[in-house]
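In: Return a 3D structure for these sequence lines:
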Amino acid sequence: MLTRALRERSTVGIILVTGRCDQIDRIVGLEMGADDYVTKPLELRELVVRVKNLLWRIDLARPTPQNASENCYMFSGYCLNVMNHTLEHNGEAIKLTRAEYELLLAFVTNPGKVLHRERLLRMLSARRVETPDLRTIDVLVRRLRHKITPELLVTQHGEGYFLASEVY
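Out: Residues are numbered from 1 along each chain as shown. Model (predicted):
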């Protein structure tokens, strides 16, 4: 019942971890709205992978850009195209690595909101970072600052980073 109530009010990811391993229990749990169903005993590493996969799926389900006809997030003269994973500024293409693109996408989908390094790392590690290190985010932010107007990515000391621009 809790699962159904959560699902009716929220899009939060739900993983049921339970000792009930009958097939009917799994089916009911998933029908109630759980995204995944895991039975005990379980390996911690398996749970971590399941959580990362769920976070990845939630990330994919983010709202599309407001400028959906062009599939672009527009900010400060830049266009981040989510269909072909490109960035343009005044008609000129700017090359981004996959990690840079994913990090910039996190910023444009959360404009003005401080994103903690841990959260940003989880967004990347769900897909690609095998040995997570918070400095990975610092390096990616530095590389992005070389490719876009540096003042757009603001450091909130002790907190994280945010995009200082309106996004359309």
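In: Roughly how far does the closest residue to Lys113 other than its chain neighbours sit from Leu105?
Out: Residue nearest to Lys113 in three dimensions, not counting chain neighbours: Phe162, with 5.9 Å by Cβ to Cβ, 6 or more residues apart in numbering. Bear in mind the C-beta positions are built from the backbone N, C-alpha and C, glycine included. Relative to Leu105, Phe162 is positioned 14 Å away (Cβ to Cβ, to the nearest Å).
In: swap in Lys40?
Out: 36 Å.
In: more crowded one of these two?
Out: Leu105 (19 against 9; other Cβ atoms under 10 Å).
In: Name the surrounding residues that touch the host helix or strand of that one.
Out: Leu105 is located in helix 98-108, with elements delineated by DSSP states H and E. The contact list for helix 98-108 (Cβ atoms under 8 Å, 6 or more residues apart in numbering) reads 73, 75, 80, 82, 85, 87, 96, 115, 120, 123-124, 127-128, 137, 140-141, 143-144, 147-148, 153, 161-163, 167.
In: The residues you listed in helices, which ones?
Out: Leu120, Met123, Leu124, Ile137, Leu140, Val141, Arg143, Leu144, Lys147 (DSSP state H).
In: Could you point out the longest helix of the chain?
Out: Criterion DSSP H: the longest helix present in the chain is helix 44-60.
In: Would you indicate which residues of that one are buried?
Out: Neighbour counts over helix 44-60 (16 or more other Cβ atoms under 10 Å) mark Arg50, Val51, Asn53, Leu54, Leu55, Asp59 as buried.
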